[in-house]
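Engineer: pasted the sequence and its predicted model underneath.
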Amino acid sequence: MAQTINTAVTRTDARRKVTGSATYAADVTPAGMLHGALATSDVAVGTLTSIDTSRAEAEPGVVAVFTHSNIPDYQTPKGFYAGGPGAASFWPMDGTEIRYAGQPVAYVVAETAAAARRGAQLIDATYESAPAQIHMNPEESFIVGAEGDKKGMTVTKGNLEAGLAAAAQTLEATYETPFQHHNPMEMFAATAEWRGDRLTLWMPSQSVRTLRGGIARAYGLPETSIRVISPFVGGAFGSKAGITTYAMLTIAAAKGVGAPVRLIVTRPQMYTVATFRPESVQKFRLGADADGRLTAFEHIEIAQTSQFDAVVNPGTHMTRAMYACPNIHTEQRLARSDTNSGGFMRAPNEMQTFFALESAMDEMADKLGMDPVEFRRMNDTDTHPVEGVPFSSRSLMESYDAVADSFGWADRATAPGAMTDGDWMVGYGCATATYPTNISPSSARVRMQGSGHAYVELAAHDVGTGTYTIMAQIAAARLGLPVEAVDVVMGEADLPLAPISGGSTTAASAGSAVHLACLNVARGVIEKVVAQSEGPLAGLSPEAVTLDDGVLRGPDGRSQPLVEALASTPMGELEAEGQYRHPALTDQALRATYAGGYGVAGPVTPEHAMFAFGAEMVEVRIHRWTHEIRVPRLHGAFAAGTWLNRKTAHSQLLGGMVWGIGSALHEVTETDIPRARFLNANIAEYLIPVNADIRQIQIQMLEEQDDYVNPLGVKGIGELSIVGTAAAIGNAIYNATGKRLRRLPMRISDLV
Ligand code: MOS
């Protein structure tokens, strides 16, 4: 049998994607479909005092114009951070209140997309505007969830001040990270079709069940009346997780006109009708003894949030899990400003908090005169520093050792500015990568035919990461089939429960369900083969036979490959479900998942702390006269339990590191402060790394066995490798120049 796990398997959907036959939400055209377009607010805060739609309505092709006064009503969902399915708690066109620039004020429906967009430009709205602030004021921050603080928004262990007083070296430093927007290649789009009280919605989604449940409640309909279809997603990164403004408005508009409507959101509008990465301030105070052992660790994170949601992605939960320290204090704080609500964006808190933490660790190592890798080794720990439970596996220093070898870390000169090459100042930097292992309950159905073909069905999503392929690999490995003999069906809410594709949960969670479903479908085969009059397993009790990677095994070495059993026994079609639930999953998390929310076990359970780890090392070159910053080499070593697919996993790690270069050097959503607007809302001015910015990237995928996390031993890698990249680059810039940059992105102007 061909080994299908931990090998490089080309994506099963690759041909469909490159030939254009993969159907995305905006490719669907139901009969009689009309086109939608949004008109949005010019002011950030105020009241819509009048809205004249007559010019839009007179535009040829325009069929209807909806505003707050005539859009069909629905029960607006609560926002995600308030325990609901919405991307935000405030819903536009529900009244005349304006709370952020770019808020939709009218929805135009027309016979063509062009007519709809022309109509949207002809909306005449007037506003009474009030002063608005797009940036938070960190001085006006507050602590989230103060009542009882069950979620650990503030944590104190030991005595921080005593730890600082006892330290041989202390560091106090503040780091800043900017607003960032996801910019997936696939535009936000929704196509909605009502037939009476039944709705079909085609929409790229990280959670078809969140959409289905939320829409059903908004319209007071049973979930069985709502079909949500999302077979392909062209990138999401957190932007397609909750129910967004544009989705609800499209559904309402389709109801209003009595015809299917498709909306493709424009790129500038994508900056305000979904979520983004909030800006943040990260304050650290560290103390260490003369040997380099941490004696005090304080991290206060202040993240931006809207006026109407408490968007908390708790970075302090991750930073306090990293290094041994007897005296720890962390605080998770928010500060409000006038934007739509932010949300998740790839490694939603780890990217920004680990830029700060790993920069601070480098600063402290420098103060101690220690090698930054040795400083981390000195503070490495087998147990969670606050929770006290052991890590289920932790290959942090193995990662550092592996990457140090490939990179040639030993050649690094400790003194800043010591390495040069002609007019180039050369610097080496390193940082830790980590990501929590979040395990969601999940189900899958496997159908198997006598011919040896299997179908795997589950409500998971392929957000571009290769999920179709790894699910096929898991089933193929368990059933002893070639990958091509497995068809995977996903991206529909009616399929068996699978989690939100967020928090790097899918491979581990849904993969475990597929694994269990395969074991269960094999029970049907076993019952038939033991009932046969001849064959290697004939006459055995079914309980005595198990499936072991494609082979049915009984006592006394009696065995038969599953495919052989299928071929020799009249079988018909077999079907079984697998339901996976991590033993540490709480009932509350289970209920949340069934309700379409984000329910996980981990990263800390009563027995273990579950995290994936890695280490990155980077060489930067800074031109002495132009201060141009180049990244000729970026190496990483990662351990995340079992690798399912060495090709797609490598691509995920590579993509994260490239994005890390972007966060470090390019990426920021610029703001128009007087008008409180996002400014560079397009791909021309929102800078991302291009080929010229990306040189050698080398990745090592370390072997790691973790039997606690789930039956497959998989930790999840979608968000691991972006974490730490920016700090590694900043640390290398310091090594090259002696200049410490504490704000992202780090640009030429910061070095002049
Ligand atoms: Mo990802 S930011 O967890 O969708």
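Structural biologist: It's in.
Engineer: mind checking pLDDT for residue 144?
Structural biologist: At residue 144, the pLDDT value in this model is 81.
Engineer: okay but it is in contact with residue 311, surely?
Structural biologist: No. Residue 144 is beyond contact range of residue 311, at 9.2 Å (criterion: CB atoms under 8 Å). C-beta here means a position set from N, CA and C on the backbone, and glycine is covered the same way.
Engineer: pick out whichever of these two has more residues nearby.
Structural biologist: residue 311 (25 against 20; other CB atoms under 10 Å).
Engineer: list the contacts of that one.
Structural biologist: Residues in contact with residue 311 (CB atoms under 8 Å, 6 or more residues apart in numbering) are 81, 278, 303-305, 334, 341-343.
Engineer: the helices in the stretch 501-650 of the chain, which residues?
Structural biologist: Taking DSSP state H, counting those that start in this stretch as the criterion, the stretch 501-650 of the chain contains helices spanning 506-530, 562-568, 587-594, 646-665.
Engineer: nearest to residue 213, out of those?
Structural biologist: helix 587-594 (8.7 Å; CB to CB).
Engineer: what's next to the closest one, contact-wise?
Structural biologist: 440-441, 497, 499, 581, 598-601.
Engineer: these: which ones sit near the ligand?
Structural biologist: Near the ligand, judged by CB under 6 Å from any ligand atom, there are no entries from the contacts of helix 587-594.
Engineer: which member of those residues is positioned nearest residue 728?
Structural biologist: The nearest member of the contacts of helix 587-594 to residue 728, counting by CB to CB, is residue 600 at 28.2 Å.
Engineer: measure that closest one to the ligand for me?
Structural biologist: For residue 600, the distance to the ligand equals 11 Å [CB to the nearest ligand atom, to the nearest Å].
Engineer: check contacts around residue 114.
Structural biologist: Taking CB under 8 Å, 6+ apart as the test, what residue 114 contacts is residue 61.
Engineer: try 10 Å
Structural biologist: Residue 114 makes contact with 35, 37, 61, according to CB atoms under 10 Å, 6 or more residues apart in numbering.
Engineer: give me the nearest residue to the second one, chain neighbours excluded.
Structural biologist: What sits nearest to residue 37 in space, not counting adjacent residues and going by CB to CB, 6 or more residues apart in numbering, is residue 116, at 3.6 Å.
Engineer: now the common contact residues for residue 144 and residue 311.
Structural biologist: Contacts common to residue 144 and residue 311, judged by CB under 10 Å, 6+ apart, are 81, 303, 305, 334.
Engineer: got the residues of this structure near the ligand?
Structural biologist: 206, 237-238, 241, 344-346, 348, 502-503.
Engineer: dump the helices of the stretch 501-650 of the chain to JSON lines, plus mean neighbour count and mean pLDDT.
Structural biologist: Listed next are the helices of the stretch 501-650 of the chain as JSON lines, based on neighbours: other CB atoms under 10 Å; pLDDT from 0 to 100:
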{"stretch": "helix 506-530", "mean neighbour count": "25", "mean pLDDT": "96"}
{"stretch": "helix 562-568", "mean neighbour count": "20", "mean pLDDT": "91"}
{"stretch": "helix 587-594", "mean neighbour count": "15", "mean pLDDT": "92"}
{"stretch": "helix 646-665", "mean neighbour count": "23", "mean pLDDT": "98"}
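Engineer: for residue 294, which of those is the nearest?
Structural biologist: Closest of the helices of the stretch 501-650 of the chain to residue 294 is helix 646-665, at 25.0 Å (criterion: CB to CB).
Engineer: who are the packing partners of the closest one?
Structural biologist: In terms of contacts (3 or more CB pairs under 10 Å, 6 or more residues apart in numbering; DSSP states H and E), helix 646-665 is packed against helix 350-368, strand 424-436, helix 467-479, helix 506-530, strand 611-623, strand 629-639, strand 696-701, helix 725-737.
Engineer: and these: which comes nearest residue 389?
Structural biologist: strand 611-623 (11.7 Å).
Engineer: residue ranges with poor pLDDT in this structure?
Structural biologist: Along the chain, segments meeting pLDDT under 70 span 1-2, 146-150.
Engineer: so what's residue 44 up against?
Structural biologist: Contact partners of residue 44, counting by CB under 10 Å, 6+ apart, are 98-103, 127, 129-134, 337-339, 672, 675-677.
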